[in-house]
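Enquirer: Next come a sequence and a model predicted from it.
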Amino acid sequence: MKIEILPSLLAADYGRFADEIRRAEDSGADALHIDIMDPTFVPNMSFGPDIVALARRVAPGFYRNVHLMMNRPDLYLEAFARAGAQTLQIHIESDCDLHTELARIRAMGLKAAIVLNPETPVERLAPYLGEIDEALVMTVHPGYGGQKFITDCLPKLSWLRARAPGLDIMIDGGANAETIPQAFAAGANQFVAGSHLFGKADMKSEVARLRRQLAG
Ligand code: DX5
Ligand code: ZN
């Protein structure tokens, strides 16, 4: 599986969005992770489609991975597709028919992913494994950056890898130089990191260091 590192824009300096998006692209990271929050689904708010469009404008070649922390992602799929999302990630805990919405995402030519909160059993993903391009296992409770990695989520990665050897398996939350190798060993191949990467003055060397670490 291809190893991918995705800086999360949530941890960027909000006074310099365009520069921060270019800094993430120049770091050699694989894609930008953009967190969209609906305050009825998580206890916070963040961005809307305009930020996705900004990312497309300032870094057109930098892949846009869009995480929809929303109760009704189905109402906004087209808006995020029009803005330039390339993967749309919807939560299994959201209030929509996942089979229908995953098919709609793919029909728009985008990649479709399901996200699982820490308290949600991984077995709930079983009926959807043939309908997704990626599974995102939350390793913190969604809503905020800078939280501590929940180690109890690691077995979910092994469960998924055993059943879906070719699936992209991503973690999001509390990722750093210590927890990324743990998640990799358990079966993940894609790593979202917000505060860890944006907090580094030299994001490029940190991305290179993480890749070296995973290459063993
Ligand atoms: C949390 C978001 C994450 C967040 C991760 O709700 O989904 O993408 O940016 O931040 P860190 O890497 O700082 O835990
Ligand atoms: Zn996220």
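Expert: In hand now; what should we look at? Ligands and ions are numbered 1, 2, ... in the order given.
Enquirer: residue contacts, residue 91?
Expert: By CB atoms under 8 Å, 6 or more residues apart in numbering, the contact list for residue 91 reads 41, 68, 69, 70, 73, 114, 115, 116, 117, 142. C-beta: built from backbone N, CA, C; applies to glycine.
Enquirer: Among these, which lie within strands?
Expert: 68, 69, 114, 115, 116 (DSSP state E).
Enquirer: got the residues of this structure near ligand 1?
Expert: Within the chain, the positions adjacent to ligand 1 are 8, 10-11, 33, 35, 67, 140, 142-147, 172-175, 192-196 by CB under 6 Å from any ligand atom.
Enquirer: Show me just the buried residues among those.
Expert: 8, 10-11, 33, 35, 67, 140, 142-145, 172-175, 192-196 (16 or more other CB atoms under 10 Å).
Enquirer: one step back: let's have the ones in strands among the contacts of residue 91 in a markdown table, adding pLDDT.
Expert: A markdown table is the format used below for those (pLDDT from 0 to 100):
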| residue | pLDDT |
| --- | --- |
| 68 | 99 |
| 69 | 98 |
| 114 | 98 |
| 115 | 99 |
| 116 | 98 |
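Enquirer: what is the residue of the chain found nearest ligand 2 paired to in the beta sheet?
Expert: The nearest approach of the chain to ligand 2 comes at residue 67, 3.8 Å away (CB to the ion). Beta bridges link residue 67 to residue 35, residue 89 when assigned by DSSP bridges.
Enquirer: My guess is residue 90 contacts residue 68. True?
Expert: Yes - between residue 90 and residue 68 there is a contact under CB atoms under 8 Å: 5.4 Å.
Enquirer: now the lengthiest helix in the chain: mean pLDDT?
Expert: Counting by DSSP state H, the longest helix found in the chain is helix 203-215. Helix 203-215 carries an average pLDDT of 97.
Enquirer: residues from this structure in reach of ligand 2?
Expert: Counting by CB under 5 Å from the ion, the chain comes close to ligand 2 at 35, 67, 172.
Enquirer: what residues are up against the second one?
Expert: By CB under 8 Å, 6+ apart, residue 67 lies in contact with 33, 34, 35, 36, 89, 115, 136, 172, 192.
Enquirer: where does the last one fall, phi/psi-wise?
Expert: Its backbone dihedrals place residue 192 at phi -90, psi 130, with angles given as degrees, to the nearest 10.
Enquirer: what's across from it in the sheet?
Expert: With DSSP bridges as the criterion, residue 192 is bridged to residue 6, residue 172.
Enquirer: can you tell me which residues contact it?
Expert: 6, 7, 8, 33, 65, 67, 136, 170, 171, 172, 173, 175.
Enquirer: so how far is residue 127 from the residue of the chain closest to ligand 2?
Expert: 21 Å (CB to CB, to the nearest Å).
Enquirer: which residue packs closest to residue 63, ignoring adjacent ones?
Expert: What sits nearest to residue 63 in space, not counting adjacent residues and going by CB to CB, 6 or more residues apart in numbering, is residue 31, at 3.7 Å.
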